[in-house]
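Colleague: the amino acid sequence is not available; the structure is as follows:
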């Protein structure tokens, strides 16, 4: 239960406690996560930049300006801050929220499954409680997820920037020629391309090192290779 799954599960929690609120995530979350948060849960999703400090500050900015009710700022790495906890990057607080959901799910199953109320003395034991993953079963996940990192030969940030700009230009030109590729014009970091059926690839410069990262998600190994 990590990365997009963890964010989706937090979405389930906040869809009940703060309907219609906003989740701010880093730039590499999946297409399926955005669909799940927005279409299935009725939440708003702002895909921002890598770096937990970035997503936290963006969430704080949106809330304090009145633009959005940004309840959660979370990275796929697991760094998570919540408005109700003062936007503190607090893994323990996040874990408690998930454990609380698990407890509520098991309690509801024990009594609701048998038609008894919470005050009944005969909870059902005929079937096992649903897992937390069942709460996010509509989250579309790709079968293949790969991340590659290309280092620049001279090891300088300047050369990295030049190489990235050249690659990004070529990718934009390829999108214009390929009907199956759609440039994500709302992306705020690097360049991101939707490849259909929930797949995408994304190129971005490392925040601190002379590296270009490539993240690819697709339905099959062959699709990712192409």
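Modeller: Arrived safely. It should be emphasised that the depicted structure is a prediction, and the values quoted were computed from it without experimental measurement. Numbering: from 1, shown residues only.
Colleague: report the central residue of this protein.
Modeller: With distances taken as Cα atoms, centre = their mean, residue 29 lies nearest the centre of the chain, 3.8 Å away.
Colleague: hang on, that one packs against residue 5?
Modeller: No: using Cβ atoms under 8 Å, residue 29 is not in contact with residue 5; the gap is 11.1 Å. Just so you know, the C-beta spots here come from the backbone N, C-alpha and C atoms, and that holds for glycine as well.
Colleague: in this structure, which ranges drop under the pLDDT threshold?
Modeller: 113-126 (pLDDT under 70).
Colleague: mind jotting down where the helices sit in it?
Modeller: Assigned by DSSP state H, the chain shows helices spanning 3-17, 31-35, 52-64, 91-112, 157-177, 221-225.
Colleague: closest to residue 209 out of those?
Modeller: Closest to residue 209 of the helices of the chain is helix 157-177 (Cβ to Cβ; 8.3 Å).
Colleague: if you count neighbours, what's buried in the closest one?
Modeller: For helix 157-177, burial by neighbour count (16 or more other Cβ atoms under 10 Å) applies to 160, 163-164, 167-168, 171, 175.
Colleague: same deal with stretch 62-78?
Modeller: Under the neighbour-count criterion of 16+ other Cβ under 10 Å, stretch 62-78 has 62-63, 68-76 buried.
Colleague: gap between residue 152 and residue 174?
Modeller: As judged by Cβ to Cβ, to the nearest Å, residue 152 and residue 174 stand 21 Å apart.
Colleague: swap that for residue 66, please
Modeller: Applying Cβ to Cβ, the value for residue 66 to residue 174 is 40 Å.
Colleague: got it, and residue 191?
Modeller: Counting by Cβ to Cβ, the gap from residue 191 to residue 174 is 11 Å.
Colleague: for residue 13, same thing?
Modeller: Separation of residue 13 from residue 174 (Cβ to Cβ) stands at 40 Å.
Colleague: residue 194 too?
Modeller: Residue 194 sits 13 Å away from residue 174, going by Cβ to Cβ.
Colleague: overlap in contacts, those two.
Modeller: Counting by Cβ atoms under 8 Å, 6 or more residues apart in numbering, the residues touching both residue 194 and residue 174 are residue 181.
Colleague: tally of neighbours for residue 194?
Modeller: Residues near residue 194, counting by other Cβ atoms under 10 Å, number 18.
Colleague: then the one 5 residues further on?
Modeller: Burial of residue 199 is recorded as 23 neighbouring residues (other Cβ under 10 Å).
Colleague: thought it was touching residue 219?
Modeller: Yes: using Cβ under 8 Å, residue 199 is in contact with residue 219, at 6.3 Å.
Colleague: mutual contacts of those two, please.
Modeller: Common contacts of residue 199 and residue 219 (Cβ under 8 Å, 6+ apart): residue 142.
Colleague: for residue 138, what are its contacts?
Modeller: 36, 40.
Colleague: tell me how far it lies from residue 89.
Modeller: Noted for residue 138: a distance of 28 Å to residue 89, by Cβ to Cβ.
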